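# I would like the atomic coordinates for the input below:
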Amino acid sequence: MGAEAALWVATGEQPRALQLLHPSKAERPPAREDPVVSSSLSTPPSTPATLGYRPRAPFLDELFDLDGTPRIGGVPFGPLVAELERLGPEGLVEAGRRRDAVFMQQGITFETSGESGASHERPFPLDLVPRVLSGAEWREIKRGLAQRIRALNHFVDDVYHAREIVREGLVPWRLVAGCPHFARAVHGIRPPGGVYTHVAGCDLVRDSDGAWKVIEDNVRIPSGISYVLENRAAMARLVPELFASYRVRPVDHYPQLLLGALRSVAPSAESEATVVVWTPGPANPAYFEHAFLARQMGVELVEASDLVVRDDVLYMRTTRGLERVHAVYRRLDDDFVDPLEFRPDSLLGVPGLVRAYRAGSVAVANAFGTGVADDKAIYCFVPEMIRFYLAEEPILENVRTYLLSDPEVLEHVLGRLEELVVKPTGESGGRGVMIGPHAQEAEIAHMREVIRGHPERWIAQDVVRLSTVPTVDGEGRLQPRHVDLRPFAVFGEHIDIVPGGLTRVALEEGSMIVNSSRGGGSKDTWVLEDGDDADRAGPPIADTLPPALPDLRYGEWTGQQQQQQQESAG
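Below is the predicted model of the structure:
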């Protein structure tokens, strides 16, 4: 799922397990457990909280001031603090035990490896203290994200067609052509509706001055939305008391948004367009999310063996014969989608799919080749893209970034590696990242040599003093931990952004690595209602039978399954 956590689900058990966090209306608890509860908002207390919590200077804490009192501003934190005090360490620890039991039964787990190399599964950590954003703050984030996604969509179209931004000298062609996700096989193809970035998940951080900044873009195969939905369901069942004084905007309409976007870009159909979710298989760490989204949208979950191309048209094999597919939500990398156009040894792909895509008979989300827009070197130029394509000033800032392919910049960065964050341009999930202030001298020296060998493969960024949010430790006490935010946007006829998103939290004291594979967890992100109807859900999708899950197959293609382990929330 958006995280590089390894999520597993037993094929025959998933529908029952999902009911644990998604009960029927008849089974649901009283109204106070609903995540949107109407009630007056109390004023924060003026006396210091008794939780014993103290923020860590110089970082901005989003809930408490430095003296330990709840912040006064756009969000009334007083009722939340009071309820956390009432629960106390014992109540939080007990809720955590129930959370872990449900997550293990539902399959929301990930693999960890010890020093011996042995791996084991553990529940994905959901912290029970929510992150709360005001409606006004969210509106500004939404505006900035929508602006950015429009510009990135223009960029992808441009680099596979006119290359105007390259001709103007704003983006170097060598960076585009050298990007590992630049797909020459789809040059000149324009997808149905002209939309490339159907699903986007840009990662945001909040600096010590309170400003939101984009730290990277994810428009290739962004994942993590299932955590957003499951976190909200779990919080509503485990700690419903925390919702009692707040009206929190819903997030469970995301499957509606995604299904609507896919149908809006699908080629014309005689009746309703057929949509499928395409998974590389159960060995993928995000398989839980693939199955979850297919079930929530009421569409089929398919693998390559379920699909076939005939006369430049994509079909799905069914017990009734071949059924045409109009739109595919794919969750595997370009390299594996079609052995006739990309990797010839791919057993995960569908021969002829790119040909059908080129003919315009099928829509694929995200479009092939979109990975060129979330390369970390290309990220540096997004503010210029906004100015060039939209004639607007960026609403959200980038983190200051250094391109090491420039010899002068390279020498400057190598002289202060201990002060910077260094990242490989083509990786995700926190792989290869070195945080200079937290690195040992030997690690810095090794990184210096690696960068000198291939400077074009690396970028450096100024260290951002990530904001903190109170987080429950193993003994039920609240401790400041650093967080980021990945909101999810869906682009069909227009751009819809789910209120909040996936807040990832670094669970280790002092760590700024929020990735789950590096010890991170997640939080439920609340956006408070303030009279703005823009994020309200539409009518729910009609109940449908769960889609058939593909057979579990291993054997000769296990190696390619392992290659697909890279999909992650980063």
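# Could you say which helix or strand holds the closest residue to R56 other than its chain neighbours?
Leaving aside its sequence neighbours, R56 sits nearest to P480 (C-beta to C-beta, 6 or more residues apart in numbering; 4.9 Å). To be clear about C-beta, it is placed using only N, CA and C from the backbone, and glycine gets the same treatment. Here P480, judged by DSSP states H and E, is contained in strand 478-486.
# Pairing partners for the helix or strand just after that strand, with directions?
Downstream of strand 478-486, the first helix or strand assigned by DSSP H and E is strand 489-491. When sheet partners are counted by DSSP bridges, strand 489-491 sits next to strand 199-200 (antiparallel), strand 495-497 (antiparallel).
# what residues does the first one touch?
Residues from elsewhere that reach strand 199-200, judged by C-beta atoms under 8 Å, 6 or more residues apart in numbering: 145, 149, 152, 217-219, 222, 258, 329, 365-366, 488-491.
# Okay, and which of the residues you listed map to strands?
Residues of the contacts of strand 199-200 located in strands (DSSP state E): 329, 365, 489-491.
# And the furthest pair within those residues?
Y329 and A489 (14.6 Å; C-beta to C-beta).
# Sticking with M447, tell me its helix or strand.
Assigned by DSSP H and E, M447 belongs to helix 441-453.
# Who are the packing partners of that helix?
helix 407-414, strand 434-435 (3 or more C-beta pairs under 8 Å, 6 or more residues apart in numbering; DSSP states H and E).
# and Q479, what are its bridge partners?
In beta-bridge terms (that is, DSSP bridges), Q479 pairs with T471.
# residue contacts, it?
Q479 touches 53, 470-473, 509, counting by C-beta under 8 Å, 6+ apart.
# so where's this protein shaky on pLDDT?
1-51, 110-120, 428-430, 516-518, 531-570 (pLDDT under 70).
# Report the helix of it that spans the greatest number of residues.
Longest helix of the chain, by residue count under DSSP state H: helix 78-106.
# Name the residues of that helix that are buried.
With burial defined by 16 or more other C-beta atoms under 10 Å, the residues of helix 78-106 counted as buried are 78-84, 87, 91-93, 95-96, 99-100, 102-103, 106.
# Ignoring the adjacent residues along the chain, who's closest to P79?
S245 (3.5 Å).
# and that neighbour, backbone torsions?
phi -110, psi 10 (degrees, to the nearest 10).
# tell me which element D345 is part of?
Applying DSSP H and E, one finds D345 in no helix or strand.
# D335 is in contact with that one, correct?
No: the criterion here is C-beta atoms under 8 Å, and D345 misses it with D335 at 10.1 Å.
# With neighbour numbers in mind, choose between those two.
Higher neighbour count among D345 and D335: D335, with 18 against 9, using other C-beta atoms under 10 Å.
# The more buried one looks like it's in a strand, true?
No: read with DSSP: H, G, I helix; E, B strand; the rest coil, D335 is helix and lies in no strand.
# Distance check, it against R190.
From D335 across to R190, the span is 22 Å (C-beta to C-beta, to the nearest Å).
# Check R167 too.
Applying C-beta to C-beta to R167 and R190 gives a distance of 19 Å.
# So between the two, which is more surrounded?
Legend: neighbour count by other C-beta under 10 Å for R167 and R190, higher for R190 (15 against 11).
# how much space between the more buried one and I451?
Separation of R190 from I451 (C-beta to C-beta): 38 Å.
# now do Y379
In terms of C-beta to C-beta, Y379 sits 18 Å off from I451.
# Output the helix or strand that L322 is a member of as CSV - backbone C-alpha positions only.
Per DSSP H and E: L322 is located in strand 321-324. Extracted C-alpha coordinates of strand 321-324, given in CSV (Å, rounded to 0.1, in the frame of the first residue of the first chain):
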residue,chain,number,x,y,z
GLY,A,321,-15.9,-15.6,-22.4
LEU,A,322,-13.9,-12.5,-23.2
GLU,A,323,-15.1,-9.2,-21.8
ARG,A,324,-13.7,-5.9,-23.1
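# Residues touching that strand, excluding its own?
269, 274, 308, 310, 313-316.
# now, which of the residues you listed lie within strands?
Going by DSSP E, the strands hold 308, 310, 313-316 from these.
# Tell me the one among these nearest to A445.
L314 (51.8 Å).
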